[in-house]
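Asker: Here is a sequence with its predicted model. Questions after.
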Amino acid sequence: MAARFTRLRIAGFKSFAEPVELEILPGLTGIVGPNGCGKSNVAEALRWVMGESSARAMRGGEMDDVIFTGTAARASRNLAEATITLTATDPFPPPFQDATELQVSRRIERGSGSTYRVNGREARARDVQVLFADLASGARSS
């Protein structure tokens, strides 16, 4: 089973106060920029939506630390969301075998915990982790 990441959307996550959408084209995709511009936060958003459960692994003390905390010029946010779009190169594992594209999203509200959705339907964290494991990927895989 294989799939290709095609898009990552981030909103309210760490340094990304406003929504940002990154298209991931076939081949090698690089993220470059000066120190402090958010390169690591892009990688962490990808890991987070794939099911990372350790706040420490996300460079935080608790999972709410992934929510944009504000700056002198911008107010803090109360929620963060990341969505990854996957395109099938082989059939997806059950129960998604008939889909040609999957959108997996994770959303966290301050003080309320996070929720997952797969193609708009609520899912458990374990279901998302198993989906990525079936695709030979996951929050802690290279």
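Answerer: The structure has been received and is ready for your questions. Residues are numbered from 1 along each chain as shown.

Asker: Ignoring the adjacent residues along the chain, who's closest to residue 123?
Answerer: residue 116 (4.5 Å; Cβ to Cβ, 6 or more residues apart in numbering). (C-beta placed from N, C-alpha, C; glycine too.)

Asker: ok but the one you found is inside a strand, no?
Answerer: Yes. Counting by DSSP: H, G, I helix; E, B strand; the rest coil, residue 116 is part of a strand.

Asker: Where does residue 80 sit, in terms of helix or strand?
Answerer: Secondary structure assignment for residue 80, by DSSP states H and E: strand 79-88.

Asker: Okay, now the sheet partners of that strand, with direction.
Answerer: strand 3-11 (antiparallel), strand 101-109 (antiparallel) (DSSP bridges).

Asker: Now tabulate those strands in CSV and tack on mean neighbour count, distance to residue 33 and mean pLDDT.
Answerer: Converted to CSV, these look like this (neighbours: other Cβ atoms under 10 Å; distance: least, Cβ to Cβ, whole Å; pLDDT from 0 to 100):
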stretch, mean neighbour count, distance to residue 33, mean pLDDT
strand 3-11, 18, 15, 93
strand 101-109, 18, 24, 95
